[in-house]
Each structure stands twice: as C-alpha cells, then as structure tokens.
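Undergrad: what follows is a predicted structure for the sequence shown.
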2 protein chains.
Amino acid sequence: MFESAEIGHAIDKDTYDAEVPALREALLEAQYELKQQARFPVIVLINGIEGAGKGETVKLLNEWMDPRLIEVRTFDQQTDEELAHPPAWRYWRQLPAKGKMGVFFGNWYSQMIQGRVSGRFKDAVLDQAINGAERLEQMLCDEGALIFKFWFHLSKQQMKARLKALKDDPLHSWRISPLDWQQSRTYDRFVRFGERVLRRTSREYAPWHVIEGVDPHYRSLAVGKILLEGLQAALKTPIEPLHQSIAPLGESLDQRSLLDSLDLSQHLSKDEYNEQLIAEQARLAMLFRDKRMRGHALVAVFEGNDAAGKGGAIRRVAAALDPRQYNIVPIAAPTQDELAQPYLWRFWRQIPARGKFTIFDRSWYGRVLVERVEGFCSQADWMRAYGEINDYEEQLHDAGVVVVKFWLSIDKKTQLERFEAREKIPFKRFKITEDDWRNREKWGLYRDAVGDMVDRTSTEIAPWTLIEANDKRFARVKVLRTLCDALEAAFKKDKKSK
Amino acid sequence: MFESAEIGHAIDKDTYDAEVPALREALLEAQYELKQQARFPVIVLINGIEGAGKGETVKLLNEWMDPRLIEVRTFDQQTDEELAHPPAWRYWRQLPAKGKMGVFFGNWYSQMIQGRVSGRFKDAVLDQAINGAERLEQMLCDEGALIFKFWFHLSKQQMKARLKALKDDPLHSWRISPLDWQQSRTYDRFVRFGERVLRRTSREYAPWHVIEGVDPHYRSLAVGKILLEGLQAALKTPIEPLHQSIAPLGESLDQRSLLDSLDLSQHLSKDEYNEQLIAEQARLAMLFRDKRMRGHALVAVFEGNDAAGKGGAIRRVAAALDPRQYNIVPIAAPTQDELAQPYLWRFWRQIPARGKFTIFDRSWYGRVLVERVEGFCSQADWMRAYGEINDYEEQLHDAGVVVVKFWLSIDKKTQLERFEAREKIPFKRFKITEDDWRNREKWGLYRDAVGDMVDRTSTEIAPWTLIEANDKRFARVKVLRTLCDALEAAFKKDKKSK
C-alpha cells in the first residue's frame, strides 16, 4: 500500500514554478464556486507520518487558496466538555457548513492509530473504530459532503534522515516534537496499523490518497491537483441527487399494523393515577440523585400523533426533577445554519453531558415521519436514515447515554375530540394549527411510517415504547415508569460490567 | 432594602388555590404570545439566600408554564473551555433566543457576591463587577431583552430554622448542600454585600424584586404575578422601538477629515517589501511560539474600503503562521439564529481561546459602518453601539486578549482601477459585486462614518491603526508590523505586572 510512496517522487523547481500559478488560480476559482453554490461542504483529513509535510502542505494550501474559506481544526487533548460527551461529538461540533472547507488534523484516524500503536487497545477495538469511521464518512457523503483523505508517507530511512537534519539545524530544531521522537521508535507499528486502517477505509466515495512526503514540490503539487480535480468534478455534478431506484417497503399483507394492535382502552382512575404518578416521579427523582447517574446521561424522545399528549407527558416528567437537571428541546423546522449541515447535526449539538437529561419534543425521527410523508426529502434520504439513526443511537449508548423513545398513540376519534376542545380554550388555541388538520388527512400514511420506523429502529440498545395515550393518565404513568425502568436497567448493567 | 421581606409574608392555602388557575392560564397565554411574536428574549436571574425557595420556585414555574419554552441554566464550576475565554463568554453562549425564556442560576451576581463574601477580592473589584453587570444588562435591554431579577430572601433566624428543619427530616436532609452550611455562617456578610449589589444594580429597565421566601404560597404567587405583569406589558409595547430623539453627530467644521489627512503616497519597492515582509512574518511566528503567548489571545479586525486589499493583507498574516494557530472569520449578513440574539452575540461566539488568534474579515464595526450608512438599524442603535463595542473590547482586553483593529484606506481613483481590474481577471470576478459599485456612490457617507468610528472607539486598550493602502506592499508590511508591536507590548506589560 505504501510502496509507490517510497520511491523518491520528486518534481524539479522549474516544473513546479511553471505549474503552480495555473493550479492556484484554478483552486481559487473552484473555491469561490464552492462558496457560491453552497451546496456541499469539503472535509480534508490529514494523516500520516510525522515530518512528512502535513503541516507544511496545509499551510501552503492556505496560501494558495483563500484562507477565509478554510477552517483548520486540530483535535488533540479533549476538553472536559468533550470528555463528557460521546467521542464523535467533538467532530460534529466542528463540521464545516456547506460551501466551506474544513481541514481536520488529529482526526478520528489519528486517534485510532495512536491508540493501537500505544497498545491502549487491541485489533478488535481498532476494527470497531474503523467501522465507526466508515459509517460516519458514508453518512457525510450521502449528505453531500466531499471528503479527501491524505496520508503523508515517508520510508523509515527517510523519516530518520529528516529528524536528524532538523535536529542539526538550530533554526528549526524546535520543530521536532516529542511525538516525532516517539514515532521514530514506533515507526514499524505505526505503518503496520496505518496500513490496516487505510486498507479498510478506502472507499469509492472517500478514497485515501497516499502522498510521498520527501520532496516538497512533489507533495504540494500532488495534493493541490487531487483537491482541484475532486472539487471540479463535484461542482459539476447536477444539483439534484441521482434518483437511485429503491425498492419500496413492503406493505402489510393482512392490513394489520402494530399501532392497530394496541389496546387503547387502557386507563387509570384518578386515584390510581395520583398514587402511581407520585410514586414514579419520586422514583425518577431518586434515580437522578443516584451516584451512578454521573456515568450516564438520559435522552428521551417524544413522538406521537398530534394532540396525543406529548406536552402533558413531558410536563409530568419535568415535574419530577430539578429544572437544572434537564433540558427540553422542541424540534421545529430547521434554521439556515442547520440546513447547511448534515441532517443529524442539530441533534448531536443537543446531546446532554454526563449526568444530564435532554427531552426531545419531536426528534431526528422527523426524517422518517413528516419528511417521508410530506416528501420533504427523497425516498433514498429517508430510507438510509434508519441506518444512520441506529448508528447515532449506538454511539450514544456506547458513551453511556440511555436512550428512551416514546410513540404516543391515540385513535382518530380521540384526536378529533381534542382538536375541537383545543379550539375552544383560549390558552390552548396556539396548540392547534392548519397543519394539524392537514396531517389528520394523512392518518394512514403516518401509520405506515410509524410501523416502518418501529420495525427498523427499535433496537435492544434503544427500543421504542408505544404508549397507549387515549387515556392521558395511563400514558403519563407509563412514560415515567419506562424512563425509570430504563435508568435502573442501565445502572444494573454498570454493576455487572464491573 | 430587605426589611419588608422579613415581616413574614404569607398567603393562606385557600386564597392560593383560588388564584393559581387563572394565573397559570395567563402565564401560558403570555408565554405562547412571546413565542409567536419572537420579538425579544426573557432573562430571569435567580439570586438570594440558600434555602429561600429559589430552586422550588423555578421548578414550580416550569410546572405552571410550558417548560419547552424555558431554558434553565446553571453556572457553577467553569469548564476548561470557559476558563480559556473572557468571563462573560459563558453567559453569552447560553443567552436565550428571541421568543424564549432563560432562567439563570449561579449568574454574574452569584459569582460576584460569592467572591466578595469569601474574601477573594475587595470592594473595588466588587464594584467593577457591579459596573460590568450593569453595562451587560443595559445592553441586553437596549437590544430588546426583558430582564427579571429575583432575590429570594430569608432573615437570619428564618434561615437557621429552615436548615434545622431540613436536617431533622430524613427524607430531605440531602437537600442541604455544603454551601448552605457555609452560608449560615456567612449570612451577615452575604446580606451586606448582597444589599450593596442590589442597591447599585436596580435600574428602571431591570429592577430587582426582593421576595420573602418563607411561605411557599406567598413567594410563588409573588414571582408568578411579577412575571405575568412584566410579560404582558412587554408583549403590548409597539413593535417599532420608540424613536428617541438623538442629537446628530457634529460635522467637521473645516471639512477636514482623519482619512483625508493620511499620506496615501507611501510605498515600498519590491526589494524593500520582500525583505521587510519576511522579517515581520518571522517576527510574528516567533512571538506566537513565545511562552507568554499562552496567557494571551489575539484578535485582529480588518475593515476598509472595498478593494482596499483586506484579503491580501490577511493572507500575508496567515502565511506567517501554522494554520492550526489561527481562525479566519468572514462576516456576512447575519443568519436567522444570529438575528434572534443581541448584535454582539455572533462575535462573542468567535472569541479565540487563550493561545489562539482570530482574524475578523469585517467585524462588529459593521454596526457603525454599513448598518449606519444603509439605514439597517436606527440611529439610536448605532449611536449606542460605540459604547457597547468599547465595553466588549475592554472585556476582551481584561481577559488578556490583544485587540488590533485596522482600517485599510485607499483613494477613490485607486478603488476604481482595482474594480476594473477585478472584472477582467476570471478568478477575481467573484470579488466584485453590484454592492461594491453601490457602496462607491456613498464614499462621503462612509468617510464620515469611519471618522466617527475612529474618534469614538480608538482607545488605549484597543486602538485603531489606519493603513495607507494605495500601495499594497506598504499596507501589508504595516499590518504585520502593527500586530507584532501589539503582541510585544502586551508581553512587556505582563512582565511589569509581575
């Protein structure tokens, strides 16, 4: 894999000087076109051997191109805010918006290779990390991102020669970091694991480019041309995504659906309700004061029919807690800034830090519910969303975040009664809009979408709980009980894994 | 100041139960109206004696109102990201957007009173903090925010009784924090300094409300009604801000202006340029590697006539550094999210952490330049912006941020030549727009605006540097030299202050 990057590639100064002006101009042109179109972001990953010209090349790109449109990000030591969130959070918060270019040093590849080289973990964990990176990049590319992955290479001999030259040069010896010396000792391992990573993560949508780093002219021109060609090609692709032909989801053969099988007649009397509600609220409050909560965070997703009582259920959950412990995020139409990012970005931003609780009033499932039903995204978009969402929730789960998802279900008759009641009560009239009536027309489409959603995203690590919500009391108690059960189960698991 | 909050205010249960339903309904109504209008944010500051019902009241408000529209924020221990920024940064990043309500625990008042009570600083520093809070609140209110400040009070006797009751109650004894015990010992100091703070920060636009905390019914109704009345009044005020009559800035008596007095004929030969540019770039690179840089951050503001060469100057500065050290922020029209916040919010977000460098390509000075000239904001808005900006820069300066501001000045003839040249070069054609030609028509208005800007915001801590930019070489070298001089001066001051 690195053979052809150890043969001493070089470009003479005259050729270099002759080629650079046109390349620069074309790069600038492409960059401004990228900004004008603002159709996709560009992500450049910088990896490879220390001393092979990573920093110098990025510096040069900033000189050639317009640095105002390039965001260079380094991920070294995690801040304490980053440590309190799932590992990918730090990358999500730094993603370039559409029309911009982000250059990532110390990215996910650096972290996984460094971890394996130092022996902090074995191949199995490395392979998990590789798999995570693939899924992340696949998703970014599906969302339109253009990803360049550069591996700057030096042979062992070249690396040692370079370190020695720097060391003997009083003007530049400060450039040698402890990492450099360390890597000169671990070169073989670094290259071995690097090879494994490159082999398994070079994909048609985001291939690796291995650049021999010895000769500055060669590496600069090579990187510049790869960027230019990739940019130009992407800028020329048609604005509309190709409509991939996707098999439709099969319809129910016997017309029976999951939602229809719910027993919506379940209910609680006022006394039962008062007693059980207080008991479950007290239980939730106690669980939040449990020391083990410090190792977890809680995410609750509320979806459901319009007027199913999401707001009321959320209020009963909130009432159990100190307002400093939770954060309620109502999800409405995305803002400009949110539209300039991948779909899941706005939800990654809201992930609670350890010890905290975020309640989503509607959520990322909008993609496979309203966006599917209303045609706000293509079928390809919402079809792949199931997988992306499962990946997302798995990352949350792996970082100790307990994910609980509710679908509050009512029947059509109950909805009508509630709509009509809302229109009569002054302070509830805000709660009913034209949209609600329109959505009601699409009852069947939503029922199918919910069925598919539950089938495809109810997982062991983040199961859906269907809430029979014709009776508000029954629904509220079941929501609270489910949250408590989920936290308790997570705490119990902690014990086992110790 | 606290006398009437120690007389044992109480409301009997029957009165309370009779009043709450209507209050709740009206609060909800006001809250939804606030959301619909999305015209201003509401900030609720919670302060006072421990145990006086702060947390309980906020919890109750979340039950009465729609908690999805309330963001409760606690500011206790600073994270390391917060520690690397000016103190106010943590509040700015949590400001509620227009249409939302933010409840701040552990806010600026808690910090300053705690610091004074513990003896970490004396009255002079407390008074500085008081002054800073006043300026912040004045600015927020000028931007439309509605601020409520609640002080929950208990007499010393009441506080001790409450602690004792909690201690003896096995179900609630966990509620007593170490802070509570500490405060029972420092009650007198706490109340004394609290009184000083309240006295000096109760203003017509954001008065304090002292609430006696002993009786839950009383304190809940009192807070609820104050909120309701304040909200209702604010929701009824006309959408257009009252046009305050503001005296126009005096015009120059002798038609001479600062910009006209620049000697734009200054220039460098190619050889001089190459030599001086490299020397200054090396100097800047060395300064960034200096250990003392870790205690500072650098902010450079680039403003100037269109085509004055801001981009080229920025590129020469960037070329001196590793791209990981700086961040270039181009300022364009504000996004939705930015419009939902006070004017300076988008710039606060971009303040560099210690050791880092942010280059603003256009900046907060847009308020007193393009927004003034184009009438995008009222005269009152841009007139008060001078003071707000001076406050902002002072906060940066106090936190070790070195602020360097450039106005790149060219004459009208030079601008015309550059516009025409740009239209001919393919990769520069993006740089010239209809706006540029239109702005050129307003040369005189911009000249006046720049004169006023420099007169009112060139301060010892953040002076303007006017750059004679008819000759690009001269301009670039002067920019670099000014940056180096500013960093050196800051480093020297460090030494003296030690």
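TA: Cool, got the structure. Keep in mind that what you see is a predicted model, and the values were worked out from it rather than measured.
Undergrad: please count neighbours and contacts with C-alpha atoms only from this point.
TA: Noted.
Undergrad: which pLDDT value goes with residue A:234?
TA: Note for residue A:234: predicted pLDDT of 93.
Undergrad: can you check residue A:188 too?
TA: 91.
Undergrad: please, where are all the strands along the stretch 351-498 of chain A?
TA: A:357-361, A:401-409, A:464-468 (DSSP state E, counting those that start in this stretch).
Undergrad: apologies, that question was intended for chain A.
TA: A:42-48, A:70-74, A:101-105, A:146-153, A:208-212, A:297-304, A:326-330, A:357-361, A:401-409, A:464-468 (DSSP state E).
Undergrad: let's have the ones you listed in a markdown table, adding mean neighbour count, mean pLDDT and distance to chain B.
TA: Listed next are the strands of chain A as a markdown table, based on neighbours: other CA atoms under 10 Å in any protein chain shown; pLDDT from 0 to 100; distance: least, CA to the nearest CA, whole Å:
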| stretch | mean neighbour count | mean pLDDT | distance to chain B |
| --- | --- | --- | --- |
| strand A:42-48 | 22 | 96 | 12 |
| strand A:70-74 | 21 | 93 | 6 |
| strand A:101-105 | 22 | 96 | 8 |
| strand A:146-153 | 22 | 96 | 17 |
| strand A:208-212 | 22 | 93 | 20 |
| strand A:297-304 | 23 | 98 | 12 |
| strand A:326-330 | 20 | 94 | 5 |
| strand A:357-361 | 22 | 97 | 8 |
| strand A:401-409 | 23 | 98 | 17 |
| strand A:464-468 | 21 | 97 | 21 |
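Undergrad: dump the ones you listed to CSV, plus distance to residue A:478.
TA: Shown next, in CSV, are these (distance: least, CA to CA, whole Å):
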stretch, distance to residue A:478
strand A:42-48, 44
strand A:70-74, 45
strand A:101-105, 45
strand A:146-153, 45
strand A:208-212, 50
strand A:297-304, 13
strand A:326-330, 19
strand A:357-361, 16
strand A:401-409, 10
strand A:464-468, 7
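Undergrad: tell me which of those lies nearest to residue A:437.
TA: strand A:297-304 (15.0 Å; CA to CA).
Undergrad: contacts for that closest one, please.
TA: Contact with strand A:297-304 is made by A:310, A:351-363, A:365, A:400-409, A:483, A:487, as judged by CA atoms under 8 Å, 6 or more residues apart in numbering or on different chains.
Undergrad: contacting residues for residue A:458?
TA: residue A:464.
Undergrad: any idea how far it is from chain B?
TA: 26 Å (CA to the nearest CA, to the nearest Å).
Undergrad: now do the phi/psi pair for that residue.
TA: The phi and psi values for residue A:458, taken as degrees, to the nearest 10, are phi -90, psi 110.
Undergrad: show me what from the stretch 251-400 of chain A comes close to chain B.
TA: A:315, A:318-319, A:321-324, A:327-330, A:335-337, A:361 (CA under 8 Å from any CA of the partner chain).
Undergrad: give me that answer again for 7 Å
TA: Residues of the stretch 251-400 of chain A lying close to chain B by CA under 7 Å from any CA of the partner chain are A:315, A:319, A:322, A:323, A:324, A:327, A:328, A:329, A:330, A:335, A:336.
Undergrad: shaky segments in chain A?
TA: A:170-181, A:239-255, A:427, A:429-430, A:497-498 (pLDDT under 70).
Undergrad: domain ranges for it?
TA: Taking automatic domain parsing as the criterion, chain A consists of the domains A:3-236, A:259-497.
Undergrad: end to end on the first one, go ahead and measure it.
TA: Across its full length, domain A:3-236 reaches 33 Å between end residues, using CA to CA, to the nearest Å.
Undergrad: next one: it to chain centre, how far?
TA: 21 Å (CA atoms, centre = their mean, to the nearest Å).
Undergrad: and if you look at the longest one?
TA: On the basis of CA atoms, centre = their mean, domain A:259-497 sits 20 Å off its chain's mean C-alpha point.
Undergrad: got a markdown table for the strands of the stretch 351-498 of chain A, with distance to residue B:473 too?
TA: Shown next, in a markdown table, are those (distance: least, CA to CA, whole Å):
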| stretch | distance to residue B:473 |
| --- | --- |
| strand A:357-361 | 54 |
| strand A:401-409 | 56 |
| strand A:464-468 | 65 |
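Undergrad: which of these sits closest to residue B:306?
TA: Going by CA to CA, the one of the strands of the stretch 351-498 of chain A nearest residue B:306 is strand A:357-361, 45.7 Å.
Undergrad: how about the residues of the stretch 51-200 of chain A near chain B?
TA: Counting by CA under 7 Å from any CA, the residues of the stretch 51-200 of chain A near chain B are A:59, A:63, A:67, A:68, A:71, A:72, A:73, A:74, A:79, A:80, A:81.
Undergrad: go ahead and confirm the fifth one touches residue A:99.
TA: This means residue A:71. No - counting by CA atoms under 7 Å, residue A:71 stays clear of residue A:99, with 11.5 Å between them.
Undergrad: from residue B:368, how far off is the nearest residue to residue A:70 once chain neighbours are set aside?
TA: The shortest distance from residue A:70 to any residue other than its chain neighbours is 4.8 Å, reached at residue A:101 (CA to CA, 6 or more residues apart in numbering or on different chains). For residue A:101, the distance to residue B:368 (CA to CA) stands at 31 Å.
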